[in-house]
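A.B. asks: pasting the structure only:
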């Protein structure tokens with residue numbers, strides 16, 4: 001399969017890349033800046049030179065995404081899956097009275113508009129696949145049932161991502177697309193912290209099982225966890 005992964009230089013994105021390469025897939029690993037060192041990702045590039053391309057995919061910049069989509073089109077006949085993993089968590093622990101709306105705008109730009117732009121520019125190539133998949137890494141923090149009165153920029157942007165997933169799922173229902181918003185769990189990543197109980201390796205395996213259609217969630221379960229279990233929205 002040909003898979004595009006955003007935010008691939010660290011955390012869950014890095015584990016997704018590692019797991020997908022181990023399964024024999026062709027990967028475009030999107031990063032915000034290809035000039036940065038990204039030592040672990042570049043080590044994977046050395047190990048899998050024929051399978052891995054590291055590409056500038058700053059999801060905040062539509063022109064960058066459009067350029068990457070053209071480059072991917074020249075490289076592959078089709079894209080089989082897009083995993084929108086890139087995300088930020090800022091403005092933590094700020095009460096609404098002290099909220100900096102720059103944090104809100106930046107969160108919306110990366111966590112919601114980024115995946116929307118990715119789908120906009122890669123959808124034509126996804127349509128060439130016989131079993132296309134779009135996986136949006138969201139969070140239970142974006143679910144109404146999971147609202148906890150904090151992390152406003154992150155939670156609201158992830159809620160928007162969940163709704164975008166629902167819209168996209170309806171729009172592509174007749175075209176054999178797999179479209180899911182996935183709660184990855186509280187996992188040990190730079191965002192989740194060292195105290196998190198979950199292992200990003202387990203989440204990466206679950207998401208790849210989903211992309212490969214080894215794991216098929218309930219028909220109406222479009223907001224799921226990495227085990228394919230339906231989550232209340």
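C.D. replies: Everything's here; your move. Everything quoted here is computed from the prediction, not taken from an experiment. Residues are numbered from 1 along each chain as shown.
A.B. asks: if we ignore the residues flanking it in sequence, what's nearest residue 114?
C.D. replies: Closest residue to residue 114 apart from its sequence neighbours, by Cβ to Cβ, 6 or more residues apart in numbering: residue 59 at 3.0 Å. To be clear about C-beta, it is placed using only N, CA and C from the backbone, and glycine gets the same treatment.
A.B. asks: need phi/psi at the one you found.
C.D. replies: Dihedral pair for residue 59: phi -70, psi -10, per degrees, to the nearest 10.
A.B. asks: who are the contact partners of it?
C.D. replies: Going by Cβ atoms under 8 Å, 6 or more residues apart in numbering, residue 59 touches 6-7, 30, 32, 65, 84, 86, 110, 113-115, 117-118.
A.B. asks: so among these, where is pLDDT lowest?
C.D. replies: Model confidence across the contacts of residue 59 bottoms out at residue 32, which has 94.
A.B. asks: next, count neighbours for that one.
C.D. replies: Here the number of neighbours of residue 32 (other Cβ atoms under 10 Å) works out to 19.
A.B. asks: ok, it to residue 79 distance?
C.D. replies: Per Cβ to Cβ, to the nearest Å, residue 32 is found 20 Å from residue 79.
A.B. asks: with residue 35 instead?
C.D. replies: 25 Å.
A.B. asks: who has more neighbours out of these two?
C.D. replies: Neighbours per residue (other Cβ under 10 Å) separate residue 35 from residue 79, with residue 79 holding more: 26 against 8.
A.B. asks: which one is that one nearest to, not counting chain neighbours?
C.D. replies: Spatially, and ignoring its direct neighbours in sequence, residue 79 is nearest to residue 125 (4.1 Å; Cβ to Cβ, 6+ apart).
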